[in-house]
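A.B. asks: build me a model from this:
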Amino acid sequence: MSNPALSNNPALNGKSLTADELRRIYEQPAAQTQRPGVDTPAAEASYGGIQHPPVAPSDKPMTYENTISKTVMLFVIVLAFGAVGWFMPALALPAAIVGLVLGLVNAFKKQPSVPLIVLYAVFQGVFLGGISGIFESQWSGIVSQAIIGTLAVFATVLILFRSGKVRTSPKLNKIFMVAIFGYLAFSVVNLVLMLTGVNQDPWGMRSGPLGLAIGALAVLLASYSLVMDFELIQNGVKNRVPEKWAWSAAFGLMVTLIWLYVEILRILAILRGD
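C.D. replies: Just a heads-up that it's a prediction; the model follows:
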């Protein structure tokens, strides 16, 4: 899956939930007493033929509304610290490294950690602000173009998903995984060649027609990743998982949108390059 933070959680990925998984997801405080039909709904929901206790009153279920609010909150943080990176572009590289580490930690944690997710947004904001400022100084107006392009792709994928015209499938997921690993391998090789001086082009092997083709592939992969994110969020809402998982959903969306923005920014820079 595109975001382990979402796909590794059985409550979000739509897979059959075992009794142990349900017990962990819907674990309630031992000291809390509940009166059937009064403190909790009289009827229990059933998923995959397994009965599970309803969501505790102190832990509201994940909804589209609280997922959106958390996503907006994280992007406000990204924008705020993006201003720091914009005026201090030297911080972009160290922020990118710290952001990568935090991203991996958040992606593979079994439980969402709000402080770590917020820290990820902080460092990614500094990174994005730094590279955006550098690109803008070289090609005026490129940042606004990249933002518009990112929002256009996001809106298009969301509309198609809501209309039911695009969905994931096991076969497409396998193709996506093969393509993403191929893309990552190419990116690592390209980075090594650039760092060692074997390829001294500013974009390495990503310049010219090949660079545009790789960028187009990356945008398609990011778009499909958005579809996967939307489905995982939909599963979480349908399964009425605790609200804390909305943080994982917001984190997953943020990862995909940041990736999409960077790829569109790179494509525009190649197109506008001398």
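A.B. asks: give me the longest helix you can find in the protein.
C.D. replies: helix 208-238 (DSSP state H).
A.B. asks: after that one, which helix or strand is next? Please name it.
C.D. replies: helix 245-272 (DSSP states H and E).
A.B. asks: pull out the buried residues from that next one.
C.D. replies: 245-270 (16 or more other C-beta atoms under 10 Å). To be clear about C-beta, it is placed using only N, CA and C from the backbone, and glycine gets the same treatment.
A.B. asks: same deal with stretch 209-225?
C.D. replies: For stretch 209-225, by 16+ other C-beta under 10 Å, it's 211, 214-215, 217-219, 221-225.
A.B. asks: now do the helix or strand hosting residue 137 and helix 245-272, the angle between them.
C.D. replies: In the assignment (DSSP H and E), residue 137 maps to helix 114-138. Angle of helix 114-138 versus helix 245-272, following axes from the mean of the first three to the mean of the last three C-alpha atoms, to 10 degrees, is 10 degrees.
A.B. asks: contacts for the next helix or strand after helix 114-138?
C.D. replies: Once helix 114-138 ends, the next helix or strand along the chain (criterion: DSSP H and E) is helix 142-162. Residues from elsewhere that reach helix 142-162 (C-beta atoms under 8 Å, 6 or more residues apart in numbering): 132, 135-136, 166-167, 219, 222-223, 226-227, 230-231, 257, 260-261, 264-265, 268-269, 272.
A.B. asks: ok, which stretches of the stretch 1-150 of the chain are helices?
C.D. replies: For the stretch 1-150 of the chain, the helices defined by DSSP state H, counting those that start in this stretch cover 4-7, 10-13, 19-25, 64-87, 92-108, 114-138, 142-162.
A.B. asks: and residue 197, which of the ones you listed is closest to it?
C.D. replies: Comparison of the helices of the stretch 1-150 of the chain against residue 197 by C-beta to C-beta identifies helix 92-108 as nearest, at 17.8 Å.
A.B. asks: just the mean pLDDT for stretch 122-139, thanks.
C.D. replies: Taken as a whole, stretch 122-139 carries a mean pLDDT of 96.
A.B. asks: which parts of it are buried?
C.D. replies: In stretch 122-139, counting by 16+ other C-beta under 10 Å, buried: 122-133, 135-136, 139.
A.B. asks: stretch 194-213 too?
C.D. replies: Applying 16+ other C-beta under 10 Å to stretch 194-213 flags 194, 199, 203-206, 211 as buried.
A.B. asks: what's the spacing between residue 214 and residue 206?
C.D. replies: As judged by C-beta to C-beta, to the nearest Å, residue 214 and residue 206 stand 6 Å apart.
A.B. asks: could you do residue 138 as well?
C.D. replies: Residue 138 is 16 Å from residue 206, by C-beta to C-beta.
A.B. asks: check residue 153 too.
C.D. replies: 19 Å.
A.B. asks: ok, now residue 189?
C.D. replies: 11 Å.
A.B. asks: what is in contact with these two at once?
C.D. replies: With C-beta under 8 Å, 6+ apart, residue 189 and residue 206 have no common neighbours.
A.B. asks: where does the chain dip in pLDDT?
C.D. replies: When residues are selected by pLDDT under 70, those of the chain lie in 1-59, 274.
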